[in-house]
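K.L.:
with the sequence up front, the predicted model follows.
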4 protein chains.
Amino acid sequence: MDAQKPRHYTLTVSCPDAVGLVAAVSNLIASWGGWLTEVANHADRVAGRFFMRNEVAADSLSFGIEEFKERFIPLARKHRMRFEIRDSAVPRRVMILVSRQEHCLADLLHRWRTGELPFDLRGVISNHDQLRSYVEWHDVPYHHVPVSPQSKAADFDTIGGLLEEESVDLVVLARFMQILPPELCARYEARIVNIHHSFLPSFAGGRPYEQAYARGVKLVGATSHFVTAELDQGPIIEQDVVRVSHADTASDMVRLGRDVEKTVLARAVRYVVEDRVIVYGNKTVVLA
Amino acid sequence: MDAQKPRHYTLTVSCPDAVGLVAAVSNLIASWGGWLTEVANHADRVAGRFFMRNEVAADSLSFGIEEFKERFIPLARKHRMRFEIRDSAVPRRVMILVSRQEHCLADLLHRWRTGELPFDLRGVISNHDQLRSYVEWHDVPYHHVPVSPQSKAADFDTIGGLLEEESVDLVVLARFMQILPPELCARYEARIVNIHHSFLPSFAGGRPYEQAYARGVKLVGATSHFVTAELDQGPIIEQDVVRVSHADTASDMVRLGRDVEKTVLARAVRYVVEDRVIVYGNKTVVLA
Amino acid sequence: MDAQKPRHYTLTVSCPDAVGLVAAVSNLIASWGGWLTEVANHADRVAGRFFMRNEVAADSLSFGIEEFKERFIPLARKHRMRFEIRDSAVPRRVMILVSRQEHCLADLLHRWRTGELPFDLRGVISNHDQLRSYVEWHDVPYHHVPVSPQSKAADFDTIGGLLEEESVDLVVLARFMQILPPELCARYEARIVNIHHSFLPSFAGGRPYEQAYARGVKLVGATSHFVTAELDQGPIIEQDVVRVSHADTASDMVRLGRDVEKTVLARAVRYVVEDRVIVYGNKTVVLA
Amino acid sequence: MDAQKPRHYTLTVSCPDAVGLVAAVSNLIASWGGWLTEVANHADRVAGRFFMRNEVAADSLSFGIEEFKERFIPLARKHRMRFEIRDSAVPRRVMILVSRQEHCLADLLHRWRTGELPFDLRGVISNHDQLRSYVEWHDVPYHHVPVSPQSKAADFDTIGGLLEEESVDLVVLARFMQILPPELCARYEARIVNIHHSFLPSFAGGRPYEQAYARGVKLVGATSHFVTAELDQGPIIEQDVVRVSHADTASDMVRLGRDVEKTVLARAVRYVVEDRVIVYGNKTVVLA
């Protein structure tokens, strides 16, 4: 799980379960001289589905990722596999969307700048202008798109345009307090990661800490999930909680929750950019 | 927080917040020579309400609990205090209700038998007969009351009768899979502690682990709360969670959840029998 | 990770790392028609060593465990594998050793009796007689062996004899406050699991909670490890902690620690009886 | 525990335990019309010592902090109290010392800049120059003092001079990889907070993650403590841990540990600047 490890290809597979899948895949890779440096898999016996993640050392193969894909297709067809192969030398192109709350953004920027989180940050989009100087200090482009009630449709077109222009393959909503239009959710299916400031499914929707305070819970949490058209209902990637007590006001919960939000989001983004997350139905398999 | 500490009186107070409350109470007790061995309090600035818990060493007072109460009443009236004074030498009389799942019962019985949880166990009531031998090995009376659909009303009368006969002041539902009638909830207001096998308010009602599995959450939890007429909606005393993953089936969640359930219930019962829990509105103040 | 899953053989392997190991093993099993229901592995790049755990559905093979072993030996030789194959239908034969503190014993007995922990309990040995009635209620043989200073050597011979008589393959020290003689440690290498009541390597040796109290730590913990001749220095299987504060006395820490001890020991035993633990050097690989 | 609460005076007291201390203090404050908004205390029955923290709303008193002190002295003398009174409107003057690792610094700067941690940041001192631009973007003075083997004594004089110049009352070692000279430790007794990257007392001294990796522990942690002349032996303020496994290399532990380090340090600093920490012997009472 070391971000600094040598260049490798990561193959992720999702297919109907059957005898001999591990053998078939590992055998094919071994027949090329491929060195498996990490293997993880999961059989969902309820769904009858098999999931697999293989890391292959790039320098153990005499060919590149395109040929890897071509050579893998026959086996994939045979077992009706959905698969993806990624090159660790070609990090994901990421756009971060943020509103006014900056803790998740600051946390991600720090992890990105120090090399802890390996992605290619293409820019930050915000419906406010206040974080410009902070972001630009990092030499990261900052786009202010107001998303006002009157101009919402046009503003989301602008956002969609920015994502396309930068060929973004991962959108991170780092406390972006706006609901994305369904067509954007569909276009970036399983490629938009959100952080919701509650332990879902509790307290979906607005003002979760106020809801938590009113209910008198003894723990508050955060949930990172893929965004779907249905608000706060997408596949959950990661969650965590922190203890609160009667002595904590709603604003204490906000403060305590911030630490959980940023940790949970950073973990979820890490899982995604390391190709550890496979979506199936409305759930995720996280092969960590 | 030591169960083996010397005999003491515990005074718990809930009243409108005002200047000088700590002084007034501590001063009165000091004027009697009373030694405060533990003091905790909380001001809820939203509700404008003050909560207080004082432990007074019994041998520092020249009189008993009845005179303590009488001497305290004038101050209580002046500040519109709801208060309770309990003698650690007179432990609560407890009845445990259980169905077929025995992990919470076994855990409570062990803590009670070894003196960790100081209460006076009057008996166990179950709608099944299968735990009789285990309970009776502990020299604890076991009452089998079927609570069948046909006889439910009569059966709950029987249960109510057993509680009265034993002058029970705390009922513990240790996975008792039956819904108590509203009149029983009302009669034992803030004196019935339940363990619900989810992190409420998520997954209230039936089969919470199956609900959690279906939603794909990454943590499952348990909640101990006072029982009110509204199912799973009473004031929360304690909660906790445990990590699960895509690799865990619903029955794995059941197994992992059991450990959380018994720990959470044991903590909640401990808080209650040590007079640490004050209910206000639909919330609890736990002065631990 | 479900204890109730169908009969399976579990193959665990430890060998020098090399290209094609996953392929070689999975291929061999696939060539027999073997269905891999769970696969986990780990490459230790520092030690250059590979670890693997495979579960094979028993009814997918046309032969039994003895033939499995024979058929596997050539491959094992080729790759200098240390390996073990176990049949889930032949649970480990377990002896529990305990002194006066009964919380870990009670917890294990409960998990065993309700089928949560799948092992074959051959008996309980104690240097005190006080837990006899509790153990015997479970229809489990109880052996009182005093282990007094004068008779220590003979007493450990008696214990060793009981282990041999019952062909025990796992010894669980559930707070057995005696140091085992080196020859017993050697004879049952990686087959004696202990629970130490501190977060090792902190507070090895005697009275760890008193040490923790004196040092003013803010968390106390427990460690389950394999027993070696060097006290509290064996390979760690599992650890956990619980929060304490200045308000907790050493005896509060004892109480809070008990819950961690029993959870940690139960998890460690579960890992072992499910063949998830491979020892290498002074460390464990836990393929959970 | 809300940083945004109205101006208040915080009185902390440490004295020999006796009957009537809560009454004496709260009574005196009530006699001035003082509104106690938060009260916490602790009796250490082993040491026979009493600790107390009182928050008094500033606008409930007709006089300021100097008169508060004078009026309190007679009672303090009577009960041999060590006490401190602080005004929430006069935040602590803080200097942060850092080496090359920036995660704790970045975390503190973020919490300080967004107002979450209420202190008056006077500057950052580092034995390297590389964090200058980042710190100066925050409009915080940056002092590069090399602390080279040849110039160590002079360099620590420079550091001591900077602390005096800025009348610093709290020094935070945010991963400052240099051992402070004993006279500096003595001059700022209980006013230098360090973060050590292990769960002390395990792995004191250098390279704790490498030590943890070698021992094969299943959790790694961090400890924030007051600095004394004895390395890593001062009173512990806060600790926490994170789970690791056999799959984590020493550098994974470093990465996972960073999150714990910054959280633990931030909590410890918060406790200190909110006047919640009282040192007694080699331990802390944290009245949170």
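P.N.:
Arrived safely, thanks for sending. Residues are numbered from 1 along each chain as shown, chains lettered A, B, ... in the order given.
K.L.:
quickly list the domain ranges of chain A.
P.N.:
Domain ranges of chain A: A:8-87, A:93-286, per automatic domain parsing.
K.L.:
report the separation between the two terminal residues of the first one.
P.N.:
I take that to be domain A:8-87. End-to-end distance of domain A:8-87 (CA to CA, to the nearest Å): 6 Å.
K.L.:
near chain D at all, it?
P.N.:
No - Domain A:8-87 stays clear of chain D (CB under 8 Å from any CB of the partner chain), getting no nearer than 8.6 Å. Backbone N, C-alpha and C define where each C-beta goes, glycine included.
K.L.:
average pLDDT across that domain?
P.N.:
For domain A:8-87, mean pLDDT is 96.
K.L.:
how many residues are close by the closest residue in space to A:His144 that isn't next to it in sequence?
P.N.:
In space, and not counting its chain neighbours, A:His144 is closest to A:Asp129: 4.5 Å by CB to CB, 6 or more residues apart in numbering or on different chains. Other residues within reach of A:Asp129 by the criterion other CB atoms under 10 Å in any protein chain shown amount to 11.
K.L.:
quick check, A:Asp129 in a helix?
P.N.:
No - with DSSP: H, G, I helix; E, B strand; the rest coil as the criterion, A:Asp129 is coil rather than part of a helix.
K.L.:
helix/strand/coil for A:Val22?
P.N.:
Following three-state DSSP, the label given to A:Val22 is helix.
K.L.:
longest helix in chain A, please.
P.N.:
helix A:250-273 (DSSP state H).
K.L.:
same for it, what does it pack against?
P.N.:
In terms of contacts (3 or more CB pairs under 8 Å, 6 or more residues apart in numbering or on different chains; DSSP states H and E), helix A:250-273 is packed against helix A:103-113, strand A:170-173, strand A:192-196, helix A:208-215, strand A:219-226, strand A:236-243.
K.L.:
model confidence for the residue nearest to A:His144, exactly?
P.N.:
97.
K.L.:
residue ranges for the strands of the stretch 51-200 of chain A, please.
P.N.:
Applying DSSP state E, counting those that start in this stretch to the stretch 51-200 of chain A gives strands spanning A:82-87, A:93-98, A:120-126, A:142-144, A:170-173, A:192-196.
K.L.:
dump these into a markdown table; add distance to C:Ile195 and mean neighbour count as well.
P.N.:
Listed next are the strands of the stretch 51-200 of chain A as a markdown table, based on distance: least, CB to CB, whole Å; neighbours: other CB atoms under 10 Å in any protein chain shown:
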| stretch | distance to C:Ile195 | mean neighbour count |
| --- | --- | --- |
| strand A:82-87 | 43 | 16 |
| strand A:93-98 | 45 | 24 |
| strand A:120-126 | 47 | 22 |
| strand A:142-144 | 54 | 16 |
| strand A:170-173 | 43 | 24 |
| strand A:192-196 | 38 | 25 |
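K.L.:
of all those, which lies closest to D:Val272?
P.N.:
With CB to CB as the measure, strand A:192-196 is the member of these nearest D:Val272 (29.7 Å).
K.L.:
before we move on, the earlier item: how about the strands of the stretch 51-200 of chain A in JSON lines, adding distance to C:Val285?
P.N.:
Output for the strands of the stretch 51-200 of chain A, formatted as JSON lines (distance: least, CB to CB, whole Å):
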{"stretch": "strand A:82-87", "distance to C:Val285": "27"}
{"stretch": "strand A:93-98", "distance to C:Val285": "34"}
{"stretch": "strand A:120-126", "distance to C:Val285": "34"}
{"stretch": "strand A:142-144", "distance to C:Val285": "46"}
{"stretch": "strand A:170-173", "distance to C:Val285": "32"}
{"stretch": "strand A:192-196", "distance to C:Val285": "31"}
